[in-house]
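> Take a look and give me a structure for this.
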Amino acid sequence: ILNLVFYKLILRIFKSNQVAFLAGAFLATNYSVLSFGLGYWMDIGGWVFYLLSLYFLFNYSESEKDKDLIIAASLVGIGGLFKEYAFPGAIAIVVFLIFENRHNLKILFQKLFKTGLIIVLPTLVLHALVYLSFGYTYLDWLRSNQEHYVYSSRLVEYIKSAGSLFNILIFPVSGGFYFWFRQRRGFNQRLNLFIVSVSTSVLPVLIWPAITQRILTITIPAAIIFAGFLFKKYEKYWWLWLFPLAVYILASFFMDSYILEVVNLPF
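Predicted coordinates:
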């Protein structure tokens, strides 16, 4: 479901089967998706609902129908019951609505209230029941993470974790970002708003106490969307990306058994 939704989203954005194939393949064979998505139901659940919410937010960016916005918010609310990874979808929705309705505050607050209620209500009910049953709150969980994850250098840990996730993908992502930024004024402005909203949605990973591949996985879909602009630029030669993709896949499969053992220096 995760990969099919992402494939469909990329296909809608770039209107290219080749771009959608490459983007979908890079997500499907990502180290973290393979390592944790196949073994942790809560992780894959959060990621799936995050992408589903982005898909319907993109629908809303094109249709401007509140129905799509409500569905996107509902998917975030449901996904939050699996794992917090779904909640960055709420950030994408809020950022999109703020920029879309910045000149009409009445409509902005109406939409924010409606979508916000849909997003937080399931989690409020869940955590209220947890507190009543066990006397435990999410703040207790956050505090335990802050005490457990202490790093001598957070920057080094980000480089390690992100490096194992991206490996060779960093090159098409960087090139795609360059092409998007240079040509952004030529794209549909609602598409640009969607891309900015998705990019902003991953920022919470920078303030979470733990720095792990599982947590940073939420940045991969946004990064691959940027890579799509490079794939689209040279769509005619899409097959040239099959060799880097093969290297990327091999790196994902040998990451635990060999690569991390070599590069995980004792900083």
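> Now the most centrally placed residue in the chain. Its backbone dihedrals?
Among the residues of the chain, the one closest to the centroid is residue 218, at 3.6 Å (C-alpha atoms, centre = their mean). Per-residue torsions, residue 218: phi -60, psi -20 (degrees, to the nearest 10).
> cool, residue 211 as well?
Here is the backbone geometry of residue 211 (degrees, to the nearest 10): phi -120, psi 100.
> That one contacts residue 152, correct?
No. Counting by C-beta atoms under 8 Å, residue 211 does not reach residue 152; the two are 11.9 Å apart. Bear in mind the C-beta positions are built from the backbone N, C-alpha and C, glycine included.
> Is it correct that residue 58 is in contact with residue 10?
No. Counting by C-beta under 8 Å, residue 10 is not a contact partner of residue 58; they are 10.2 Å apart.
> from the chain's centre, how far out does the stretch of helix or strand residue 197 belongs to sit?
Remark: residue 197 resides in helix 189-201, with elements defined by DSSP states H and E. Put simply, helix 189-201 sits 12 Å off its chain's centre (C-alpha atoms, centre = their mean, to the nearest Å).
> And stretch 34-41, by the same measure?
Its chain's C-alpha centre and that of stretch 34-41 lie 16 Å apart, by C-alpha atoms, centre = their mean.
> What distance separates the opening and closing residues of it?
One end of stretch 34-41 sits 12 Å from the other (C-alpha to C-alpha, to the nearest Å).
> what about it, average pLDDT?
What stretch 34-41 shows for mean pLDDT is 81.
> residues making contact with it?
Contacts of stretch 34-41 with the rest of the structure, by C-beta atoms under 8 Å, 6 or more residues apart in numbering, involve 2, 43-44, 47, 82, 213-214, 217, 252-253, 255-256.
> Mind checking which of these are buried?
2, 43-44, 47, 82, 213-214, 217, 252, 255 (16 or more other C-beta atoms under 10 Å).
> on that earlier part again, residues touching the residue nearest to the centre of the chain, list them.
Contact partners of residue 218, counting by C-beta under 8 Å, 6+ apart, are 47, 50, 85, 88, 201-202, 205.
> Distance of it relative to residue 49?
Between residue 218 and residue 49 the computed distance is 12 Å (C-beta to C-beta, to the nearest Å).
> re the thing from before, need the buried ones among the contacts of stretch 34-41 in JSON lines (columns: distance to residue 17 and secondary structure).
Formatted as JSON lines, the buried ones among the contacts of stretch 34-41 follow (distance: C-beta to C-beta, whole Å; DSSP: H, G, I helix; E, B strand; the rest coil):
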{"residue": "2", "distance to residue 17": "19", "secondary structure": "helix"}
{"residue": "43", "distance to residue 17": "29", "secondary structure": "helix"}
{"residue": "44", "distance to residue 17": "25", "secondary structure": "helix"}
{"residue": "47", "distance to residue 17": "23", "secondary structure": "helix"}
{"residue": "82", "distance to residue 17": "30", "secondary structure": "coil"}
{"residue": "213", "distance to residue 17": "30", "secondary structure": "helix"}
{"residue": "214", "distance to residue 17": "31", "secondary structure": "helix"}
{"residue": "217", "distance to residue 17": "25", "secondary structure": "coil"}
{"residue": "252", "distance to residue 17": "23", "secondary structure": "helix"}
{"residue": "255", "distance to residue 17": "29", "secondary structure": "helix"}
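> can you redo those residues as TSV with distance to residue 97?
Output for those, formatted as TSV (distance: C-beta to C-beta, whole Å):
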residue	distance to residue 97
2	25
43	28
44	28
47	23
82	24
213	31
214	29
217	26
252	36
255	38
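> Which one of the contacts of residue 218 is nearest to residue 68?
Nearest to residue 68 among those is residue 50, at 16.1 Å by C-beta to C-beta.
> Count the residues that sit near that closest one.
32 (other C-beta atoms under 10 Å).
> That one in helix, strand or coil?
helix (DSSP: H, G, I helix; E, B strand; the rest coil).
> Look up how far residue 2 lies from it.
Distance, residue 50 to residue 2, using C-beta to C-beta: 9 Å.
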